[in-house]
Every structure is written in structure tokens, then in C-alpha cells.
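> Sharing a model prediction with you, sequence too.
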Amino acid sequence: MTGKIIKGIAGFYYVHTAGADVYECKAKGIFRNQKIKPLVGDDVELEILDAEKKLASIVDILPRKSELIRPAVANADQALVVFAAKDPETNFSLLDRFLILMTKQKLPVIICFNKTDLISEEECKKIENGYRNSGYEIRFLSAKGKKGTEKIAKLLEHKTTVLAGPSGVGKSTLVNLLQAGVTMETGEVSEKIRRGKHTTRHSEFIWINDDTYILDTPGFSSLELEDMEADELKYYFPEFHPHEGNCRFRGCIHQNEPDCAVKQAGKAGLVSKQRYLSYLQLYKELKEKEKYRY
Ligand SMILES: Nc1nc2c(ncn2[C@@H]2O[C@H](COP(=O)(O)OP(=O)(O)OP(=O)(O)O)[C@@H](O)[C@H]2O)c(=O)[nH]1
Ligand SMILES: [Mg+2]
Ligand SMILES: [Zn+2]
């Protein structure tokens, strides 16, 4: 029998099988020798130990379509990153870091701004405008108001989606809507900040239906850009790409060089000021880090 690992806790793997059963499994020793560790999201071959008690062994890991390091997950098709349009205030720098990390791992990203019930249409436009020409797919929704969630459901169909975003933005609320019957624990924002606790504590797959899965991950409050040179940062700002060939210098980093086409594109409104400033900020950070690396 084959199935998908939906959760891994303390050496046990929970495998969701076609019959919608979940088996508690241990991985057979062979994996330890092969230095291959089963990951959440892996499609695996099971050897049933006890059908009644739903116990099995993982005897094989099927070939992976993809493998992410952060979060550690196999076979993800895309990421849906959720930020609140308000409450908590949108942390655009954090969003840009997330976009960079996912793009670096070659995972397509859909950006989702939730809690639109708390802002005006004009404010939505402003947010959207900040990402103009970036090529990222942007969606607005109100999970609480059940607005825009059907369109999200469509985007997830037949795919394995990593759901990510800061704490308190409404990820679990969204999942609850997407999957009737499963109720993830949600929590009041003020309550969470007070206790300094996150509601979702580990990454867990949620089966929506057929071949549609979501990985609900714990909220994050910061992201480090690791293994990245400041000078390669520009490759992760897609809205720069059409202009880069027109900079006077080939290695232009789009800062103080004369005749920089990216800066000109910014002035012409083709690259948003918000993203350009975000680029400068992240560049500075990476340069700082490089100083201490050697
Ligand atoms: N106004 C408004 N509130 C929302 C909306 N969606 C979720 N909330 C509220 O935001 C709070 C946090 O929601 P959760 O779904 O627990 O957030 P989360 O992203 O899963 O948080 P973590 O598990 O900590 O990462 C709850 O009080 C929700 O009721 C929305 O569309 N509008
Ligand atoms: Mg949650
Ligand atoms: Zn330039």
C-alpha cells in the first residue's frame, strides 16, 4: 500500500493512505543506512503490521518531485504565503524575504493578503501596487468574512501547497474553511501576543480531498537570508529583470552606479518604491553579514 507522510513526530510518521486511513509508522532501518530520511510530504510504500490498530512500517520512499529545506517538505507544488492586510500590520520586509527564499528553492508562490474586511478597497490597491510587475500572483481575501476563499480553493486543487506566514494572520482560519470537518486550533491575536505563543506548533499536512493537500506550518516572525551573496540578491526581484540589460555597467547592483536602468524604471513607476527600498535594505543586511563571514 502507498500513502503520504502527513506528520512526523519523535520518530513516528503518520501516513495518509488512499482509503483516507492514517497509519502510524516507523521507518525501517534501511533508510538509516541509506542516509535518506523520510520527509513530510513523501509518498511512501507501506508494509502493514496491524490493519486494525493502523500500524505499519515504511519500506520505501517513492521518488521525490521536489524537496524543500525550509520548511523541510517533499513534493510541494507551490507555496501560499498569507499575510494580514491589517492586525497584525503587514510586514512587507518579511514577505519579501519569504519570496526570496521560496524563489531560491524554485517553488512558485501565491501571495495572499487576508483580513481585507479590516481595510478599504483603496488600501488593497496600494498593497497590490507595491508588487506591480513582480510577476507574483496576488490574492485578497477575508477568511472570517468568507470572501475570496473559493478562488483560493481552486488554486489549490490537485496540488500540495505549503501554507506559510506570520502568526495570527489567519492561516488556520483559512484551512478550516477549505476543509469542512477539520478544525485547526485558532487563537485570538491579542491573546497570542500576550502569551507569546503560537497556535500551530509543528508542520502538518491537511488532506483537503483526493490529491489536494495543504501543509499548515507554524507562524514565523523573522527569516534569515542564508547562503546568499548580496550581489545575487537582484536576481530575486523579478521586476528588475526587464531593465537590467540596459544598465551602463554589467555588474550593476542598482544603487549608486550612473545610468542604472533599474533606478530609472523606479522613477518611471515600473518598479515600486517599496520593493526597491526593500532591496536596498536587504542588500545592506547581506553585506553586513559578509563582513563577518571570514
Ligand atoms: N478580521 C478578521 N480576522 C480574521 C480573519 N481571518 C482570521 N482572523 C482572526 O485572526 C486570528 C488568528 O487566526 P489564526 O487562523 O489562528 O492565525 P494563524 O495564522 O493560524 O496563526 P498561527 O497558528 O499562530 O501561525 C483569529 O482571531 C481569527 O479569528 C479575517 O479575514 N478577518
Ligand atoms: Mg495556525
Ligand atoms: Zn542598475
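Sure, I can see it. Ligands and ions are numbered 1, 2, ... in the order given.
> Do a quick rundown of the helices in the stretch 1-150 of the chain.
Assigned helices in the stretch 1-150 of the chain, in chain order: 30-34, 92-104, 121-130, 149-156 (criterion: DSSP state H, counting those that start in this stretch).
> Next, format the ones you listed as TSV and append distance to ligand 1.
(C-beta placed from N, C-alpha, C; glycine too.) Shown next, in TSV, are the helices of the stretch 1-150 of the chain (distance: least, C-beta to the nearest ligand atom, whole Å):
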stretch	distance to ligand 1
helix 30-34	31
helix 92-104	13
helix 121-130	13
helix 149-156	9
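> Which one of those helices lies nearest to Cys252?
With C-beta to C-beta as the measure, helix 92-104 is the member of these nearest Cys252 (19.2 Å).
> packing partners for the closest one?
Here helix 92-104 touches strand 78-84, strand 109-114, helix 273-293, going by 3 or more C-beta pairs under 8 Å, 6 or more residues apart in numbering; DSSP states H and E.
> So is the longest one next to ligand 3?
No. In terms of C-beta under 5 Å from the ion, no part of helix 273-293 sits within range of ligand 3; the closest distance is 10.9 Å.
> how far is that helix from where the chain is centred?
Relative to the centre of its chain, helix 273-293 is centred 21 Å away, using C-alpha atoms, centre = their mean, to the nearest Å.
> Repeat that for the first one.
When distances are taken as C-alpha atoms, centre = their mean, strand 78-84 is centred 6 Å away from the chain's centroid.
> quick one: strands adjacent to that strand?
If you go by DSSP bridges, strand 78-84 pairs up with strand 109-114 (parallel), strand 160-164 (parallel).
> how about the residues of the protein that lie near ligand 3?
Proximity of the chain to ligand 3 (C-beta under 5 Å from the ion) is limited to residues 247, 252, 254, 260, 262.
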